[in-house]
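**Q** need the 3D shape of this:
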Amino acid sequence: MGQHVSVCIPRWIDIPGVKNFRDIGGWPLKDGSGYIRERIVFRCGHLVDITQKGIETLNRLNVIAAFDFRSDPEIERQGVMPQIKGLTRYPSAMFTEADYSPAALATRWKGYFEGATGFPKVYAVILEKGAPQYRKIFLHLIENHSITSTKSIIVHCTAGKDRTGIFGMLLLGLCGVDDEVIANEYALSNLGYWEPEHELQRKADMLNVTINDMRMVMSAPYLAMKETIRQLKEKYGSIEDYVRQECQLTSNEVQRLRDLMVVPIRFEERQLFRPKI
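**A** Okay, the predicted model is just below:
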């Protein structure tokens, strides 16, 4: 009989003081030719409250860079991560001060309140405004990492689900992971990120909405990512076309990124199952 090759890694990693920390690697490619390299790209919520034990874990994971998608208003409110030896924080905000005007905020919040059908409206804005920052991360990976390196990076925003989730979708999709798998990976943030009920109620009261509205804002609906991918492909043709057009990566850079991120699975002829004739 044929042999089945599978990859099993601890996806969730306990980093005290950090929510939603997980490895983006290990997912299979749609065509079965490989899987995403593990222990090279991690995603999470903000690192402001990381503990010393958490820092020690990041050191063991050899994290050399943290790309912070948070905007200035978020950083002013939450603070910045502590300095960690050997780790460089790269400010990577995609929203400007104008994007925090009452009108702009109202539009974004309305999209979240609409649930799975509204999230893609917000994500379309992230895809538009985030391309330069996504490009920066893609190039960092190409220029600073190799298949023999043990260095890794973190990408994060506040919760590690929206701006970070779109980056994860682009990277996985560019490498050939199936849309269904990408949407399921995105939805894992429903397990990794949470806020106490009293905090949700406080925010709901502040915005004059219900606590269920706030629960929806904090969620990561599988169908929202599925629809986001569908709309992206409808507009650009493919995830690669988006990356080449909006992130301005060349064909060579796209291939180098794939070579870095994909671990090929090679089968010998004797491993293939052939029924008797």
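
**Q** could you use CA atoms for every contact and neighbour count after this?
**A** Will do.

**Q** by mean pLDDT, point me to the weakest helix or strand of this structure.
**A** Across the helices and strands of the chain, mean confidence by mean pLDDT, DSSP states H and E is lowest for helix 102-113: a mean of 85.

**Q** how about it: buried residues?
**A** 108-113 (16 or more other C-alpha atoms under 10 Å).

**Q** do stretch 20-39 as well
**A** Those buried within stretch 20-39 under the rule 16+ other C-alpha under 10 Å are 20-30, 34-39.

**Q** on that earlier part again, how far away from the center of its chain is the least confident helix or strand of the chain?
**A** Centre-to-centre, helix 102-113 and its host chain are 22 Å apart (C-alpha atoms, centre = their mean, to the nearest Å).

**Q** can you give me the distance of residue 27 to residue 240?
**A** From residue 27 over to residue 240 the distance is 18 Å, taken as C-alpha to C-alpha, to the nearest Å.

**Q** for residue 189, same thing?
**A** 24 Å.

**Q** what's the answer for residue 91, then?
**A** Taking C-alpha to C-alpha, one finds residue 91 at 25 Å from residue 240.

**Q** more neighbours, these two?
**A** residue 240 (21 against 14; other C-alpha atoms under 10 Å).

**Q** can you name the next helix or strand after the strand or helix carrying residue 231?
**A** Assessed by DSSP states H and E, residue 231 sits inside helix 222-236. Going down the chain from helix 222-236, the next helix or strand is helix 239-246, by DSSP H and E.

**Q** what number of residues lie near residue 16?
**A** For residue 16, using other C-alpha under 10 Å, the count is 16.

**Q** give the closest residue to it in space, chain neighbours not counted.
**A** Residue nearest to residue 16 in three dimensions, not counting chain neighbours: residue 54, with 4.9 Å by C-alpha to C-alpha, 6 or more residues apart in numbering.

**Q** roughly how far is whichever helix or strand the one you found is part of from the heart of the chain?
**A** Using DSSP H and E, the element containing residue 54 is helix 52-60. Remark: helix 52-60 is offset 21 Å from the chain centroid, using C-alpha atoms, centre = their mean.

**Q** ranges for the helices of this structure?
**A** With DSSP state H as the criterion, the chain has helices at 52-60, 72-78, 102-113, 119-144, 163-175, 179-187, 189-192, 197-207, 211-217, 222-236, 239-246, 251-261.

**Q** before we move on, back to that, now the least confident helix or strand of the chain and helix 119-144, what's the angle there?
**A** 100 degrees (axes from the mean of the first three to the mean of the last three C-alpha atoms, to 10 degrees).

**Q** so what secondary structure elements neighbour helix 102-113?
**A** Applying 3 or more C-alpha pairs under 8 Å, 6 or more residues apart in numbering; DSSP states H and E, we find helix 102-113 packed against helix 119-144, helix 211-217.

**Q** ok, of these, where does mean pLDDT dip lowest?
**A** Of all these, the minimum mean pLDDT falls on helix 211-217 (a mean of 94).

**Q** how far off centre is that helix?
**A** 22 Å.

**Q** what residues of that helix count as buried?
**A** 211, 213-217.

**Q** for burial, what's the neighbour tally of residue 265?
**A** 12.

**Q** so it sits right up against residue 36, yeah?
**A** No. Judged on C-alpha atoms under 8 Å, residue 265 makes no contact with residue 36 at a distance of 10.8 Å.

**Q** residue ranges with poor pLDDT in the stretch 1-150 of the chain?
**A** The stretch 1-150 of the chain contains residues with pLDDT under 70 at 1-9.

**Q** one more time with 90, if that's ok
**A** 1-10, 96-109 (pLDDT under 90).

**Q** now do the helix holding residue 231 against helix 239-246, angle only.
**A** Going by the same axes, to 10 degrees, helix 222-236 makes 60 degrees with helix 239-246.

**Q** the helix holding residue 54 packs against which elements?
**A** Against helix 52-60 (3+ C-alpha pairs under 8 Å, 6+ apart) you get no helix or strand.

**Q** residues of that helix that come out buried?
**A** Here helix 52-60 shows 54-55, 57-58 as buried, counting by 16+ other C-alpha under 10 Å.

**Q** how about the contacts made by residue 217?
**A** 109, 112-113, 115 (C-alpha atoms under 8 Å, 6 or more residues apart in numbering).
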